[in-house]
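Student: Sequence first, predicted model second:
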Amino acid sequence: NLNNLSTFPRHTKSLTSAQVINCRSLCNKATEIQNHVLENDIDLLCVTETWLKGSPVDEPVIAELVPPGYKFLHVDRTTHRGGGVACLFKENLRITLDAQRKYKSFEYMNIRCQHQSSLYRILVIYRPPTSGRYGNFTEFLNDFSLLLEDVMLSKGKLIITGDFNIDVSNSSNTDSKKFCSLLESFGLDQHISVPTHASGHTIDLLITKSHETPFTNPNVIDPDVSDHMALTFDLNNHKPAYPKKEISFRKIRDIDIESFKEDLAESLSSFNPSANSVSAAADQYNSILQSILDKHAPLQKKTVSVRP
């Protein structure tokens, strides 16, 4: 029930907080969104439907939006009204916008986020409702498949998010079934199961690889910015707990070479190999060397972390 969703409270956090929102135009909400970011201490805000035009007209809007200590990246729709995607983020996050091909059926940005020990590949998607201008749903599936083929092997934990205008909560809808089948074929999971739009549809999505957990605490809240809810989650940027194993080693560099040579010469001077077997002579020789090595660089053990 959308009426039971409350505004996002200020909280104490140790992880990197992220939100995703279709704002339905930054142009008349820049101050409102900036206040939302600062009041909730959001580290990364992904935005769809910015309605920025990619022209000097946008400059006052961006200046009003971006608070001190933050940066702003955006991919604008320059041909006609609407669309556009962006991300607003704290300067301590190392985020870059990677090169990307264009698709007819959706808009997106491909960002690389490096923070602490973790690398993320984040795709922010806006798919307009199907029309002649953006192609039919089959074209979208084909375009999105090409994008997935490009990014599935990219370095970093993959997060795909944004407004897809596909109601995945409607399991009887043909388009929804085809889309979910496509995600499954690529080994992807979709994590939002509650309405994200005032109509009661689940169209703002959060997608990851099935075997990865790049975030915790996924949630849906109402920031009262548009007719869309906001998706919230915390990035997992802690160092992984690597498995441990016990290793054996010798401090070879600590050996007193002169003393070692004296012991070696003395031991070998009395070496009298058995004539019965070459193998027995080799074992006797190895035993002498082993005892000298144990004296000068005794075998030690310690537990270490095993890193991939």
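Tutor: Cool, got the structure.
Student: isn't Phe65 right up against Leu88?
Tutor: Quick fix: residue 65 is Leu, not Phe. Yes - applying C-beta atoms under 8 Å, one finds Leu65 in contact with Leu88, separated by 6.9 Å. C-beta: built from backbone N, CA, C; applies to glycine.
Student: any shared contact partners between those two?
Tutor: Contact criterion C-beta atoms under 8 Å, 6 or more residues apart in numbering; residues bridging Leu65 and Leu88 by contacting each: Ile33, Phe72.
Student: show me where pLDDT drops low in the chain?
Tutor: 1-14, 131, 237-243, 274-276, 304-308 (pLDDT under 70).
Student: Can you pull up the most central residue in it?
Tutor: Note on the chain: the residue nearest the mean C-alpha position is Tyr120, at 2.7 Å, using C-alpha atoms, centre = their mean.
Student: Can you give the contact residues for the top helix by length along the chain?
Tutor: Residue-count comparison of every helix in the chain, with assignments taken from DSSP state H, identifies helix 278-296 as the longest. Contact partners of helix 278-296, identified using C-beta under 8 Å, 6+ apart, comprise Arg250, Ile255, Asp256, Ser259, Phe260, Asp263, Leu264, Ser267, Leu268, Phe271, Pro273, Ser274.
Student: what kind of secondary structure is the fourth one in?
Tutor: It refers to Ser259. When the structure is split into helix, strand and coil by DSSP: H, G, I helix; E, B strand; the rest coil, Ser259 lands in helix.
Student: Grab the nearest non-local neighbour of it.
Tutor: Among residues not flanking Ser259 along the chain, His296 sits closest, at 7.0 Å (C-beta to C-beta, 6 or more residues apart in numbering).
Student: now the fifth one
Tutor: If the residues on either side of it in the chain are set aside, Phe260 comes closest to His296, at 5.0 Å by C-beta to C-beta, 6+ apart.
Student: and that neighbour, how far is that from Asn217?
Tutor: Taken as C-beta to C-beta, to the nearest Å, the spacing of His296 relative to Asn217 amounts to 56 Å.
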